[in-house]
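K.L.:
got a sequence here, can you build the structure:
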Amino acid sequence: MGFPGTWMTESESVLYRVVPKCACSTIGQILHYSDHGRFYDGDIHDASEGLHKWGQPASRPLIERAVKGHETYAFSCVRNPYARVLSSFFDKICGIQRNGRRYRGKLVPLLVQRYGVDVGGEDGTAPFDQIASFRRFLLFVRDTIRWRKPMDPDIHWSSMSGHLSTFIHNGGRYDRIFWSESFTGGMASVLDAIDTPHRVDLSRIPRFNESEGHGPPRAHPVEDFFDDLSMHLMWEIYHLDFQLFGYDFTRPSQLAPVRGIDLAEVHARLGE
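P.N.:
Just a heads-up that it's a prediction; the model follows:
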């Protein structure tokens, strides 16, 4: 399996396990800047140079050596599961992607036909019941994760613990996992722990939200999308994310974490 979703600076100053929908575009750009003194011109996910990525064959032996040697600082970033799955819905399901098409081709038509999901018409501009549509999408998410039907789960709504576990299973250890809700402090703690060719002033770093504008604006507070059934599904799908990363399952309105992350517990439970 190796270390899918793992990026490393070319200077080998730091390893980052990407978790989709958790500030990964901004983090990737910060890592690129820390090595080169400039941001990547475009979506950092498309970059084939400037960062080592597990998806690039030439980078794999370098990443594997760094991970297993435990000498390169390794980190990741997580997000409240309620906000994260909502972001996936509005970006990937309701939104038109950068290529001018729907995400994954036949995925949205499948959701419309089988689950009754409404996405605002062909171009996504028609009004629709966001709450009802999202709750139907959540049923689909549960089906993909629990039964891998009608398709395998997508990386954007797979559990964060599932993403992070692959790094641990193959011999990696995290030095830091921080919350996107307190991004500046968390990222600062990483940068303070490593030496980089270029200094990063976080106060001057823009947020690189590559999904911004893909879908319609969310018309309701986060908590309005989650009734009792939706919360039951959220626990079924993401209970480890709530437990390990300090988020309050009982209050969807409480987006900030309510307790700390115990790295020893993360490694013990995700390494099983």
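K.L.:
can you tell me what sits against the helix or strand harbouring residue 87?
P.N.:
For residue 87, the host element (DSSP states H and E) is helix 81-88. Here helix 81-88 makes contact (Cβ atoms under 8 Å, 6 or more residues apart in numbering) with 20-22, 134, 138, 141, 154, 156-157, 159-160, 211, 218, 222-223, 225-226, 234, 238, 241-242, 247, 252, 255. (Glycine included, C-beta is placed from N, CA and C.)
K.L.:
and stretch 54-62, how far apart are its ends?
P.N.:
In stretch 54-62, first residue to last residue: 9 Å (Cα to Cα, to the nearest Å).
K.L.:
can you give me the strands in the stretch 1-150 of the chain?
P.N.:
Using DSSP state E, counting those that start in this stretch, the strands of the stretch 1-150 of the chain run over 6-9, 14-17, 51-53, 73-78.
K.L.:
an error on my part: the question was meant for the stretch 151-272 of the chain.
P.N.:
Going by DSSP E, counting those that start in this stretch, the stretch 151-272 of the chain shows strands at 176-179.
K.L.:
shaky segments in it?
P.N.:
Low-confidence segments of the stretch 151-272 of the chain (pLDDT under 70): 210-214.
K.L.:
that one: helices as residue ranges?
P.N.:
Using DSSP state H, counting those that start in this stretch, the helices of the stretch 151-272 of the chain run over residues 160-169, 183-192, 228-245, 263-270.
K.L.:
pick the most deeply packed of those helices.
P.N.:
Among the helices of the stretch 151-272 of the chain, helix 160-169 has the highest mean neighbour count (mean count of other Cβ atoms under 10 Å), at a mean of 20.
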